[in-house]
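1. Give me a model of this one.
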Amino acid sequence: MNNKTEDKALWSGRFASSPAEVMQEFSQSIDMDWRFYKHDIMGNIAHAKMLTHIGILTPPELEQIISAFGEIEQEIKDGILQPKISLEDVHMNIEARLIEKLGPLGAKIHTGRSRNDQVATDYRLYMRDAINVIQEKLNMFLNALVEKANSDIDVIIPGFTHLQHAQPISLGHYWMAYFWKFNRDLKRFTEAYNTTNVSPLGAGALAGSTLPIDRELTRRELNFNSISENSLDTVSDRDYLLEFLFAASTFALHTSRLSEDLIIWNTSEFSFIELPDAFCTGSSMMPNKKNPDALEIARGKASGVLSGLYDLMINMKGLPLTYNRDLQEDKRPVFHAIQTVNIILDVLTPLISEIQVREDQVKKHLSKGFLLATDVAEYLVIKGVPFRDTHKIVGNLVQYCIKENKPLEGLSIDEWKNHHSSFSEDILNILSPESAVDRRCTYGGTARSEVRRQILKAKEILNK
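-> Numbering: from 1, shown residues only. Sure thing, here's the model as predicted:
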């Protein structure tokens, strides 16, 4: 990056001297906003077309400007044009280069515009593209979850509350639980996209312009859905970034929870799953280790995304209208969140697809924790026993089983009847995990028929 200070800022007419070198370094944003160069050029061209439409530029001048912007974009791609700190930001660097190429004609480009609405335009264009990429990757991740659910419908595992064995569930039901969580994240990203897709160009520094600028023309040129309604609100608004960061934060929370489950299931104590080697690492000292590093890193990265949301909220909370330079710092948390969400999706999508379930180990856990106790209680309810009574009866049964070192399935008919006269031989018909799963066929339950219904609905959603 060029650090020369002789390039005067385009706003320098009011000042008798250039900013101190340390001030230039302190105030520059080029290290962050240079990535906006394509979007800045897009906004410049749209603005130039509008200036031509209202008679500020002539059609031949517009052709020269568009041609020059094409050359500038290529210079940036080729690394020929390097940003200068003395010019502060992407907007000033590109405009200065345009003036170098076209002279006084290039100096017309900023007519009727401020950096305040210019950066808002660049940022919204950039965020549209960024959200689109995330949506595409999230769709792939959702498809991977649905495929996993479909392949694991018939695998029965213990479900947990308080990290204790609770009731048997279909593993397909578990994968679909995360499908619905991440599908809500996709909706949140979509809403963030819609909030972003509003044209700020033409709001000016804060109050619009005395020139007859045509905001509808630039809206169409940049393919925004609508135009912002209030110029003060426009240049001070960062709600669309907060919405994005909230969507990214809930996504990160969900990936962290999923990672935690899979880390636990991968332990020797559980051994429910085998993680793919490609997403694990070893120990520098212990040759026996296979560590779930990808999941641990995903879990760890959630904190950075969450802190980004708080970062921007705290930045915004005390700002008076309209634009304040504090808003220059809105980019770091957002760019970090974009990068983090993308890399998590790049890793978790193939990881999930390649997980192997260790059904032999899972079955050993189905006999632990008296998973069928609720089924027994509801059996008695059907026989006419009040639920609170059945709860106590089955609790005593569990206590008896612990004392006798027996599972519920190991009790004799006499032992059942000794605890309540309503028990009969048909109690044996419900004492299997598969039966317990399929009897939970209420809408949204874990019955395999319900999991299949969810999968079909999920596929319809994804096909849309």
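2. residue ranges of the strands in the protein, please?
-> 156-161, 164-170, 198-199, 226-227, 273-274, 356-357 (DSSP state E).
3. most tightly surrounded among those strands?
-> strand 198-199 (a mean of 22; mean count of other C-beta atoms under 10 Å). Using the backbone N, CA and C atoms, a C-beta is placed for each residue, glycine as well.
4. hang on, the earlier thing: want to try TSV for the strands of the chain, with distance to His336 and mean pLDDT as columns?
-> Rendered in TSV, the data for those read as follows (distance: least, C-beta to C-beta, whole Å; pLDDT from 0 to 100):
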stretch	distance to His336	mean pLDDT
strand 156-161	33	97
strand 164-170	36	95
strand 198-199	24	98
strand 226-227	29	98
strand 273-274	30	96
strand 356-357	33	97
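5. Which among these is found nearest to Arg325?
-> Among the strands of the chain, strand 198-199 comes nearest to Arg325, with 23.1 Å by C-beta to C-beta.
6. Run through who's touching that closest one.
-> The contact list for strand 198-199, computed with C-beta atoms under 8 Å, 6 or more residues apart in numbering, reads 121, 124, 215, 218-219, 222, 224-228, 240.
7. what about burial for these, which qualify?
-> Neighbour counting with 16 or more other C-beta atoms under 10 Å marks 121, 124, 215, 218-219, 222, 224, 227-228, 240 as buried within these.
8. From one end of stretch 273-292 to the other, what's the distance?
-> End-to-end distance of stretch 273-292 (C-alpha to C-alpha, to the nearest Å): 11 Å.
9. Over to stretch 157-175?
-> Using C-alpha to C-alpha, first and last residues of stretch 157-175 are 12 Å apart.
10. and it, how far out from the chain's middle?
-> Stretch 157-175 has its C-alpha centroid displaced from the chain centroid by 26 Å (C-alpha atoms, centre = their mean, to the nearest Å).
11. burial count for Ala278?
-> When counting by other C-beta atoms under 10 Å, one arrives at 10 neighbours for Ala278.
12. Settle this for me: it is touching Ile355, isn't it.
-> No: using C-beta atoms under 8 Å, Ala278 is not in contact with Ile355, being 11.6 Å away.
13. Of the buried ones among the contacts of strand 198-199, which is the nearest to Asn143?
-> When the buried ones among the contacts of strand 198-199 are compared against Asn143 (criterion: C-beta to C-beta), the nearest one is Tyr240, at 27.6 Å.
14. Now do the contacts for the closest one.
-> Here Tyr240 is in contact with 124, 127, 192, 195-196, 198 (C-beta under 8 Å, 6+ apart).
15. export those residues to TSV and tack on distance to Asn291?
-> Below are those laid out as TSV (distance: C-beta to C-beta, whole Å):
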residue	distance to Asn291
Arg124	41
Met127	36
Ala192	35
Thr195	40
Thr196	39
Val198	46
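16. Please narrow those to those residing in helices.
-> Mapping the contacts of Tyr240 onto helices (DSSP state H) picks out 124, 127, 192, 195-196.
17. Give me the domain ranges for this protein.
-> Domain ranges of the chain: 12-111, 116-364, 366-463, per automatic domain parsing.
18. The residue lying farthest from the centre of the chain and Glu425: what is the separation?
-> Of all residues in the chain, Asp414 has its C-alpha farthest from the mean position, at 56.2 Å, by C-alpha atoms, centre = their mean. Distance of Asp414 to Glu425, given as C-beta to C-beta, to the nearest Å: 11 Å.
19. Run a quick neighbour tally on Asn230.
-> So Asn230, with other C-beta under 10 Å, has 11 neighbours.
20. again, but for Leu98
-> 25.
21. so Asp214 makes contact with Met50?
-> Yes: between Asp214 and Met50 there is a contact under C-beta under 8 Å: 5.2 Å.
22. Mind checking which of these two has more residues around it?
-> Between Asp214 and Met50, counted using other C-beta under 10 Å, the more crowded position is Met50 (25 against 16).
23. what residues are up against the more buried one?
-> Per C-beta under 8 Å, 6+ apart, neighbours of Met50: 213-214, 217-218, 221.
24. how much space between Lys84 and Ile264?
-> 52 Å.
25. burial count for Glu450?
-> 21.
26. nearest residue to it other than its sequence neighbours?
-> Distances taken as C-beta to C-beta, 6 or more residues apart in numbering put Cys441 closest to Glu450, at 5.9 Å, once the chain neighbours are dropped.
27. contacting residues around the one you found?
-> Taking C-beta under 8 Å, 6+ apart, we find Cys441 in contact with 447, 449-450.
28. where's it relative to Ile461, distance?
-> Counting by C-beta to C-beta - Cys441 and Ile461 are separated by 22 Å.
29. Same check on Leu262?
-> 24 Å.
30. Now Glu229. Its backbone dihedrals?
-> The phi and psi values for Glu229, taken as degrees, to the nearest 10, are phi -90, psi -20.
31. quick one: it from Gly202, how far?
-> With distances taken as C-beta to C-beta, Glu229 is found 12 Å from Gly202.
32. quick one, which of the two is more surrounded?
-> Neighbour comparison, Glu229 and Gly202: the larger count goes to Gly202, with 26 against 9 (by other C-beta under 10 Å).
33. So that one sits against Glu216, correct?
-> No: the criterion here is C-beta under 8 Å, and Gly202 misses it with Glu216 at 9.2 Å.
34. picking that back up, comparing Lys84 and Ile264, which residue is more hemmed in?
-> Lys84 (21 against 15).
35. beta partners for that one?
-> Lys84 has these beta-bridge partners by DSSP bridges: Asn2.
36. per-residue pLDDT, it?
-> Note for Lys84: predicted pLDDT of 92.
37. Please tell me I have it right and it contacts Asn93.
-> Yes: at 6.2 Å, Lys84 and Asn93 qualify as touching, with contact defined as C-beta under 8 Å.
38. For those two, list the residues in contact with both.
-> Ile30.
39. Could you pull out the helices in the stretch 301-450 of the chain for me?
-> 331-354, 359-365, 373-382, 387-404, 413-419, 433-438, 448-463 (DSSP state H, counting those that start in this stretch).
40. Mind giving me the packing neighbours of the first one?
-> It refers to helix 331-354. If you count contacts as 3 or more C-beta pairs under 8 Å, 6 or more residues apart in numbering; DSSP states H and E, helix 331-354 packs onto helix 30-33, helix 115-151, helix 239-265, helix 293-316.
41. joint contacts of Gly202 and Glu216?
-> Ile227.
42. quick revisit: for the strands of the chain, which one sits closest to Asn405?
-> strand 164-170 (16.8 Å).
43. That closest one: partners in the sheet, and parallel or antiparallel?
-> strand 156-161 (antiparallel).
44. gap between the strand it pairs with and the chain center?
-> With C-alpha atoms, centre = their mean, you get 27 Å for strand 156-161.
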